[in-house]
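Student: sequence and predicted model, in that order:
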Amino acid sequence: MCAHHLTKLIQKITGETLEKMMRKYFIFLFGVFISFVVSTVYSTTHRVAEFSNEKVNVWQTTIYPGASQKLKMHRHEYNRVLVAFDDGILKIKNDKGQIHYLKLAKNKAYYLAKDIPAEVHTDENISHHPIKILVIELKN
């Protein structure tokens, strides 16, 4: 079957021209692409600075589930208050391999002491949903 006959057959079956169908297909593929980009950008663990002065640093962190989404090794030089916006469990593993868990309850606040000198750790969300927290680091 030649292209001309195929085009006529498609138009007869669908009631649309090949060009119109191709345009719809392109728009559909473009929408799929945009959805993929948006979901990739907004589905990764991230930190957003909220406020900082000589007494406090404040930031929001959203931690997505899974080992690939854990926070990279870091440390806390200051005591801090953490406010959980979601229920969940964080697996905290230090650079010596020691592990402990922090069970978070939605809308609860937690006081966490500064880290042991020279120790770093990761935070991994082992829940099945993202966990959003607000951290208020106390500089004094």
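Tutor: Done, it's in.

Student: may I have the strands that pair with the helix or strand where residue 47 lies, each with its orientation?
Tutor: According to DSSP states H and E, residue 47 maps onto strand 46-52. If you go by DSSP bridges, strand 46-52 pairs up with strand 56-63 (antiparallel).

Student: tell me the buried residues in the partner strand?
Tutor: Under the neighbour-count criterion of 16 or more other CB atoms under 10 Å, strand 56-63 has 56-58, 61-63 buried. Every residue, glycine included, has its C-beta placed from N, CA and C.

Student: same check on stretch 92-107?
Tutor: 92-94, 104.

Student: which stretches of the protein have low pLDDT?
Tutor: The model of the chain has pLDDT under 70 over residues 1-7, 9-11, 18, 21, 25, 28-42.

Student: tell me the domain boundaries of it?
Tutor: 3-41, 46-138 (automatic domain parsing).

Student: tell me which of those is the most buried.
Tutor: Most buried of the domains of the chain by mean neighbour count (mean count of other CB atoms under 10 Å) is domain 46-138; its value is a mean of 14.

Student: how about residue 132, nearest residue that isn't a chain neighbour?
Tutor: Using CB to CB, 6 or more residues apart in numbering and skipping the chain neighbours, the partner closest in space to residue 132 is residue 85 (4.2 Å).

Student: what sits against the most centrally placed residue in the chain?
Tutor: For the chain, the residue whose C-alpha lies nearest the mean C-alpha position (CA atoms, centre = their mean) is residue 44; its distance is 2.9 Å. For residue 44, the contact set (CB atoms under 8 Å, 6 or more residues apart in numbering) comprises 64, 69.
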